[in-house]
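Chemist: Give the three-dimensional model of this entry:
(one chain, ligands or ions: 1)
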Amino acid sequence: MRIGIVCYPTFGGSGVVATELGLELSKKGHEIHFITYNQPVRLELLSSNVHFHEVHVPEYPLFHYQPYELALSSKLVDMVKLHDIEVLHVHYAIPHAYAAYMAQKMLQEEGIYVPFVTTLHGTDITLVGSHPFYKTAVTFSINKSDAVTSVSQSLKDDTLRLFNITNEIDVVPNFIDMDKHKKDFTDCQRAMMANENEVIITHISNFREVKQIPDVINIFNTVQKVLPAKLMMVGEGPEREAAEELCATLGIEDKVVFFGNSNEIDKILCFSDLFLLPSTTESFGLAALEAMASGVPVISSNTGGIPEVNKHGVSGFLSDVNDIEDMSKNAIHILENSERLKLFKASAKLEASKFDIHSIVPVYEDIYKRTTSKCLNL
Ligand code: GMT
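Modeler: Model (predicted):
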């Protein structure tokens, strides 16, 4: 099939999922067209059936806000016509689902019907989309989508609770390519990051308030008082500066490495012993799944969709949001005994394999087939 994928091209989970999905679909013979304002960060290789079309928004001084969704919907119309795209898959409702709806309507005027699938990722529903400024348009575009998917049951429940939804929502969980995590790195540079007797704890996020960065540091601070340890902080975002200041205040700055954004998280995860995700809300927690796939157990909050990914007492432990004491206790429990750590590492990997890309991508293919055949019958 010829599939157009719209996403945020950043390090955020929705962009990562959209990119990995497109790449896997291309391997299966589909022709993929990424349509967004920058080349997605995980899209390193373009090939004969992976294309990237950049959406330009010319700056014009009259506009206080540059109209991205207008430029996107025009681009979608042009690309559907030029490449005979059969289905659009938009990741993140705002403004992608709205732009796709507009594109669909414009194309209909020319006798072309292109269905669009909307995947809800979390913040488009829980943090931003339910705001009264956006709610009407988000509800409208979800209801007008030809198919709607949500990355967890918890997000589906939130969507139905927060919006007046008349459309069906299919739960299609995020996924991971276990093949990529099979190989053991021969160049796993653990020795560069920590002494042999130290455990390595890792956090990866976009350092927004919702990620509870101070909790990450306070948990680590408690652990390092009991066990020799290092903390790897991967990502960029508004809370990073305050995080570095907190480390200095606690006198642990020499035990914490701030990497910034990285395209090599598998290399960082390969030498990690434990992953921390104490978020206030998380529709899925893709970073936790990526850690588990690398055999890294997870200490997380029990919010949103995280319990659907991180299994309490199996792949790690879950605690109430902000219960730093419990999270620290659980972290020490896993790390203090090397045999126990080994068991948790193996179980984390096993749990992750339930989300293997090869079982999830066919579900999206079925949804594309369903929506296109529906429109053939129109
Ligand atoms: O977590 C973020 O800040 C980024 C956000 C995004 O839209 O990229 O992540 C959301 O989508 C991810 C992929 O489906 C999920 O794994 C994250 O849990 C979700 N974030 C939140 O719900 C806060």
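
Chemist: Who does Val298 form a beta bridge with?
Modeler: When bridges are called by DSSP bridges, Val298 pairs up with Phe275, Gly316.

Chemist: ok now do it, which residues does it touch?
Modeler: 274-277, 288, 291-292, 310, 315-317, 348 (CB atoms under 8 Å, 6 or more residues apart in numbering). Every residue, glycine included, has its C-beta placed from N, CA and C.

Chemist: The residues you listed into TSV, with extra columns for pLDDT, distance to the ligand and neighbour count?
Modeler: Written out in TSV, the entries for these read as follows (pLDDT from 0 to 100; distance: CB to the nearest ligand atom, whole Å; neighbours: other CB atoms under 10 Å):
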residue	pLDDT	distance to the ligand	neighbour count
Leu274	98	19	29
Phe275	98	13	29
Leu276	98	15	31
Leu277	98	9	27
Ala288	98	8	28
Ala291	97	12	30
Met292	97	13	32
Asn310	98	12	29
Ser315	98	16	28
Gly316	98	16	29
Phe317	98	18	22
Ala348	98	17	28
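
Chemist: Nearest to His358 among those residues?
Modeler: Each of the contacts of Val298 was checked against His358 using CB to CB; the closest is Met292, at 16.9 Å.

Chemist: Now name the helix or strand holding that closest one.
Modeler: Counting by DSSP states H and E, the element that carries Met292 is helix 286-293.

Chemist: distance between that helix and the chain's centre?
Modeler: For helix 286-293, the separation from the chain centroid amounts to 10 Å (computed by CA atoms, centre = their mean, to the nearest Å).

Chemist: go on, stretch 93-110?
Modeler: The offset between the C-alpha centroid of stretch 93-110 and the centroid of the whole chain comes to 24 Å, using CA atoms, centre = their mean.

Chemist: Make residue 1 into 57 and carry on from there
Modeler: Sure, I'll start counting at 57 from here, so that last one is stretch 149-166.

Chemist: Let me know whether that stretch sits next to the ligand.
Modeler: No: Stretch 149-166 is not in contact with the ligand by CB under 6 Å from any ligand atom; minimum separation 9.9 Å.

Chemist: Can you check the distance spanned by stretch 78-89, start to finish?
Modeler: One end of stretch 78-89 to the other measures 8 Å (CA to CA, to the nearest Å).

Chemist: Can you tell me the closest non-neighbouring residue to the residue in the stretch 107-256 of the chain that the ligand sits nearest to?
Modeler: Scanning the stretch 107-256 of the chain for the residue nearest the ligand gives Gly178, at 2.6 Å (criterion: CB to the nearest ligand atom). For Gly178, ignoring the flanking residues on the chain, the nearest one in space by CB to CB, 6 or more residues apart in numbering is Ser339 at 2.8 Å.
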